[in-house]
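Engineer: dropping the sequence and predicted coords here.
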There are 2 protein chains.
Amino acid sequence: MKLASLCSDQPDGRLIVVSRDLSLVADASAIAPNLLTTLQQWETTAPALQKLYDRLNAGDCPDAQAFDAQACAAPLPRAPQWCDASAFLNHGRLMEQAFNSEPIPLFDTVPVMYQGASDDFLGPTTDVPLPREEHGIDFEGEFGVIVGPVPMACSAAQALASVRLVVQLNDWSLRALGPHEMKTGFGFLQAKPSTSFAPVAVTPDELGAAWLNGRVHLQLHVEWNGAHFGHPHGGEMNFGFGELIAHAARTRRLSAGTLIGSGTVSNVARSAGSACIAERRVIEMIDLGKASTGFMQFGDRVRMQARFEDGTAGPFGVVDQRVVEYQP
Amino acid sequence: MKLASLCSDQPDGRLIVVSRDLSLVADASAIAPNLLTTLQQWETTAPALQKLYDRLNAGDCPDAQAFDAQACAAPLPRAPQWCDASAFLNHGRLMEQAFNSEPIPLFDTVPVMYQGASDDFLGPTTDVPLPREEHGIDFEGEFGVIVGPVPMACSAAQALASVRLVVQLNDWSLRALGPHEMKTGFGFLQAKPSTSFAPVAVTPDELGAAWLNGRVHLQLHVEWNGAHFGHPHGGEMNFGFGELIAHAARTRRLSAGTLIGSGTVSNVARSAGSACIAERRVIEMIDLGKASTGFMQFGDRVRMQARFEDGTAGPFGVVDQRVVEYQP
């Protein structure tokens, strides 16, 4: 099934079910007020939501409304935890090659992952306020999963079975602030402002054959100011979401609603383009000797949409946002 | 005033007011169900709680009960965000000296800070389950503050004015996992399991003259298995909480209830001892050529209590916990 959250006066939004073709929505707040509650009570809420979803798809919801991405918040406007990996190793290897930096130890065998802020996620069409262009504003197209409760020190298989929903996201990054934060060893904080999400979260079955080995086998189409930027394929992820969740849970349990991200989708084939500017820039450095593409300016837009390999739209809807100068 | 949270069937606990001398408590759930709600509605809840606190101290609460730390959860069992600094530079300098590691750039002028998990804090007396002794189990005695809403890119003065409550905490650390996570540049994740808190959160006025320049001027007394381990003084913090909060808010707004930590309390004077085992070990390396103190074993206890310089008990109560092997 497909779920989303309407913007409301409640910080966790208002739960809706979205039809399979993303045309209609049905209010689901009688089943659970919001998606976080839904995840905390999944055993009872999921069957009721599935029934509503089936009725909506059958044209049997008289109160159904048209789907409107602009009315949507992030599927989870706030999550208990947000852990983002860098599971497409091609991306990290390009970065190392361009900057001739020290290789990350065990990069091929142990996922790298940072803890992000999870209290203030952005919806799919809202403006993104940031303080300074000089911070090197960049997008990062990713896939992610939302889990049920995960016990400490579980296996990757057990972890994968905890996946409740799959999402598509834009992990905004400030590239001028990242290198210093990496050198401290304490990791990203100022370099990672609030993350944005496509409007619709889907159960893995909605992906059909595109949910395979704990990976999302869809292309992530990225446009920057209307120009095609890349369409890398999510199936090339070097660690599956089972491994990533188990990594996050090695020394802690994870609450229902925890979000785990794939990191920037990135493919070895240069023809796929990139899902972030930083990667295009390092490819320019490697291939042409210097980076010619700049980072984003206030007023710029980025649009992201997952698609099946035949070009049909993926299930998450579209993130389409403008970066604006933060006004105190 | 002094506030705490009783363990309850609600994940955010049940709000109580604690008397100035930590002897009595009064149920405050008629004012706000829990501390997080209190912070989100501070303008209306704080005056009502202050009145209840005054009545409790005046012996004018017929329903008052005895204070029982064992019944307490962390003041905030879950927080929107948890950002922990390393603001006692003596600690970091000792680490660098012992390991002859690359100095952290701008260490004297820009705070270092990591993003921690904030969905599963531990109360003051609950057992602390961890998967393996070989992970190098260590405590870290710290002070922290809980803020109201903080706008993006605010000044340190504005940030300091957002402080609502001061807390005392134990930032559990797994020392065998930290160095790898620092080398990745992505920062701590597995190395930082759930953090523990002393039971009582206090408004800054409760500290009197011990709240000065955005610092907690109390000694943090630490005992490991009943033996004195250290009593470093919080006033030696090289960045005040105003600077730390502003650092966290540079590229994001902070939600009411966000927690900002000082990092391990650490003093230049060796006579103060340490608030974590790792620091004692590096002092042994520097002074004696090798570390002789091991990390914690399952069954070990650590006790932490802030005290005024005259030896009287601080306002936060006591963290007194046992580390136990996690049972799947």
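Structural biologist: Okay, I see it.

Engineer: give the helix, strand or coil label for A:Q115.
Structural biologist: Of the three states, A:Q115 takes strand according to DSSP: H, G, I helix; E, B strand; the rest coil.

Engineer: is stretch A:172-179 in proximity to chain B?
Structural biologist: Yes: against chain B, stretch A:172-179 shows contacts by Cβ under 8 Å from any Cβ of the partner chain at A:L174, A:L177. (Glycine included, C-beta is placed from N, CA and C.)

Engineer: kindly check the end-to-end length of that stretch for me.
Structural biologist: By Cα to Cα, to the nearest Å, the extent of stretch A:172-179 from end to end equals 15 Å.

Engineer: A:S86 contacts A:M95, doesn't it?
Structural biologist: No: between A:S86 and A:M95 there is no contact under Cβ atoms under 8 Å: 9.2 Å.

Engineer: so for those two, which sits in the more crowded spot?
Structural biologist: Shown here are A:S86 and A:M95; by other Cβ atoms under 10 Å in any protein chain shown, A:S86 has more neighbours (26 against 17).

Engineer: which residues touch the residue of chain A found nearest chain B?
Structural biologist: Closest to chain B within chain A is A:G187: 1.7 Å, counting by Cβ to the nearest Cβ. Residues in contact with A:G187 (Cβ atoms under 8 Å, 6 or more residues apart in numbering or on different chains) are A:Y114, A:Q115, A:E181, B:Y114, B:Q115, B:E181, B:G185, B:F186, B:G187, B:F188.

Engineer: return the member of those nearest to A:Q219.
Structural biologist: Ranked by distance to A:Q219 (Cβ to Cβ), the contacts of A:G187 are led by A:Y114 at 25.3 Å.

Engineer: which residues in chain A form helices?
Structural biologist: A:35-40, A:42-57, A:89-99, A:156-161, A:178-184, A:241-248, A:277-288 (DSSP state H).

Engineer: which one of those lies closest to B:S271?
Structural biologist: helix A:178-184 (29.5 Å).

Engineer: what's the mean pLDDT across the closest one?
Structural biologist: Mean per-residue pLDDT for helix A:178-184: 93.

Engineer: ok, and the closest non-adjacent residue to the residue of chain A closest to chain B?
Structural biologist: Ranked by Cβ to Cβ, 6 or more residues apart in numbering or on different chains and with sequence neighbours excluded, the top spatial neighbour of A:G187 is B:G187, at 1.7 Å.

Engineer: all the strands of the stretch 51-200 of chain A, residue numbers only.
Structural biologist: Under the criterion DSSP state E, counting those that start in this stretch, the stretch 51-200 of chain A contains strands at A:65-66, A:82-85, A:113-116, A:128-130, A:137-138, A:141-147, A:163-170, A:173-174, A:196-197.

Engineer: chain B contacts on the stretch 201-328 of chain A?
Structural biologist: Residues of the stretch 201-328 of chain A lying near chain B by Cβ under 8 Å from any Cβ: A:H247, A:A248, A:R250, A:T251, A:R252, A:R253, A:S255, A:T258, A:Y326, A:P328.

Engineer: type out the PyMOL command that picks the buried ones from those residues.
Structural biologist: Selecting only the buried entries of these in PyMOL, with 16 or more other Cβ atoms under 10 Å in any protein chain shown as the criterion:
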select buried, chain A and resi 247+248+250+251+252+253+255+258+326
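
Engineer: farthest pair in the residues of the stretch 201-328 of chain A next to chain B?
Structural biologist: Maximum distance among these (Cβ to Cβ): 40.5 Å, for A:R250 and A:P328.

Engineer: could you tell me the end-to-end distance of stretch A:134-152?
Structural biologist: 41 Å.

Engineer: try stretch A:315-322
Structural biologist: Its start and end residues considered, stretch A:315-322 measures 22 Å (Cα to Cα).

Engineer: what residues does that stretch touch?
Structural biologist: Contacts for stretch A:315-322 (Cβ under 8 Å, 6+ apart): A:2, A:4, A:22, A:67, A:69, A:72, A:122, A:124-128, A:166-170, A:196-202, A:206-207, A:299-306.

Engineer: how far does that stretch sit from the chain's center?
Structural biologist: 11 Å (Cα atoms, centre = their mean, to the nearest Å).

Engineer: average model confidence for it?
Structural biologist: The model assigns stretch A:315-322 a mean pLDDT of 98.

Engineer: in it, what's buried?
Structural biologist: Quick answer for stretch A:315-322 (16+ other Cβ under 10 Å): A:P315, A:F316, A:G317, A:V318, A:V319, A:D320, A:Q321.

Engineer: any chance of the residues you listed in TSV, plus distance to B:P80?
Structural biologist: Listed next are the buried residues of stretch A:315-322 as TSV, based on distance: Cβ to Cβ, whole Å:
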residue	distance to B:P80
A:P315	29
A:F316	25
A:G317	26
A:V318	28
A:V319	23
A:D320	27
A:Q321	23
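
Engineer: for the residues you listed, which one is nearest A:D27?
Structural biologist: Nearest member of the buried residues of stretch A:315-322 to A:D27, counting by Cβ to Cβ, is A:G317, at 17.9 Å.

Engineer: adding mean neighbour count, write the strands of the stretch 51-200 of chain A out as a markdown table.
Structural biologist: Converted to a markdown table, the strands of the stretch 51-200 of chain A look like this (neighbours: other Cβ atoms under 10 Å in any protein chain shown):
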| stretch | mean neighbour count |
| --- | --- |
| strand A:65-66 | 10 |
| strand A:82-85 | 26 |
| strand A:113-116 | 26 |
| strand A:128-130 | 21 |
| strand A:137-138 | 25 |
| strand A:141-147 | 26 |
| strand A:163-170 | 25 |
| strand A:173-174 | 24 |
| strand A:196-197 | 26 |
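
Engineer: any idea which of the ones you listed gets closest to B:K290?
Structural biologist: Set against B:K290 and scored by Cβ to Cβ, these come closest in strand A:113-116, at 33.1 Å.

Engineer: that closest one close to chain B?
Structural biologist: Yes: counting by Cβ under 8 Å from any Cβ, contacts between strand A:113-116 and chain B involve A:M113, A:Y114, A:Q115, A:G116.
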